[in-house]
Each structure stands twice: as structure tokens, then as C-alpha cells.
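Student: coords below, sequence missing:
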Ligand SMILES: [Zn+2]
């Protein structure tokens, strides 16, 4: 009995000889090789997606190309450089958000004199007036701005 199936690559019909032979999936060697190449490419794509999963598809393609062309070392170095840029930008974003929050709260409180303690216990203060509050955010370190923001929030809650 001849059973017919279709080639999983091109769809042409295949006569299965049966009789203990394995079922043929491909009509000929060209389709078999095409399927093998496609599988290998898929595996490669999967590997690239897994390895650089935190990057966009565009960056993944670029890093893959870079690795093929210039080797593993350069690809890894570029990967780390991109990551550093990203985390810097995040850091800057957070800092800006805290600065803005402080000035915004200052405006709500009408920019009073604000006293607070630094991490080392030393008392510091921001002079009254918008310009002093703004200058403070420009020159103070991020964690000091955070402490000022805490003090301003407390003042806002208690009305002290
Ligand atoms: Zn075929």
C-alpha cells in the first residue's frame, strides 16, 4: 500500500514506500538541506535572543553581526559599554526626578528655610527663596537632596 504525504518544506507529495521504512519528511535532498539550514538559523536566532535578551532586536542583530565579524571579545566589550550608558542614563533620570520633586515641594511650601541633618549628623540648611532651593539641587549630591526632600515632606505633613 502506497501512502502519500507532503514534503514539509515545499509541499510536494511524497509516496511513502512503507514496509518498515522511516517516513520521509522531505521530497529530496535540497528540501532536506533547506530544512537543516533553517533549523540551524533558528537555533542561532534563539541563542542570540537568549544571550542578549535585555536588548532590543535591533541591538541584538548588531551585536550578533559584530561578534561574527570581529569576534567575541569586541562584542562583549560593546555589550558592556551599552549597559553602562543605560544605567548612567537611568541614574541621571532618577536624580533629575528627585531634584524636581524637591523644588516642586519647595514651591508648595513657599520656599522656606529648610533645616535637616546630613548622613554624618551635621546640620545643614537651605536658605529661603526659590533660587537657593534650585541652587541646592544643582550643587548637592543626590543622597543629600534625598535627605532634604525627606525633611521637606515631613514639613509638608506636619506643617512645622
Ligand atoms: Zn520538498
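Tutor: On my side now, so go ahead. Computed from a predicted model, the values in this text were never measured in an experiment.

Student: please enumerate the strands of this protein.
Tutor: Using DSSP state E, the strands of the chain run over residues 3-6, 13-16, 114-117, 123-126.

Student: turn those into CSV, including mean pLDDT and distance to the ion.
Tutor: For glycine as for every other residue, the C-beta is placed from the backbone atoms N, C-alpha and C. Shown next, in CSV, are these (pLDDT from 0 to 100; distance: least, CB to the ion, whole Å):
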stretch, mean pLDDT, distance to the ion
strand 3-6, 90, 8
strand 13-16, 90, 8
strand 114-117, 94, 76
strand 123-126, 94, 77
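
Student: got these as a markdown table, with mean neighbour count columns?
Tutor: Converted to a markdown table, the strands of the chain look like this (neighbours: other CB atoms under 10 Å):
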| stretch | mean neighbour count |
| --- | --- |
| strand 3-6 | 11 |
| strand 13-16 | 14 |
| strand 114-117 | 16 |
| strand 123-126 | 15 |
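
Student: for the longest helix anywhere in the chain, buried residues please.
Tutor: Of all segments of type helix in the chain, defined using DSSP state H, the longest is helix 72-108. For helix 72-108, a neighbour-count test (16 or more other CB atoms under 10 Å) marks 75, 78-79, 82, 98-99, 101-103, 105-106 as buried.

Student: mind putting these into TSV with pLDDT and distance to the ion?
Tutor: Converted to TSV, these look like this (pLDDT from 0 to 100; distance: CB to the ion, whole Å):
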residue	pLDDT	distance to the ion
75	96	36
78	96	41
79	95	40
82	93	42
98	92	63
99	93	64
101	95	64
102	96	68
103	96	69
105	96	70
106	96	73
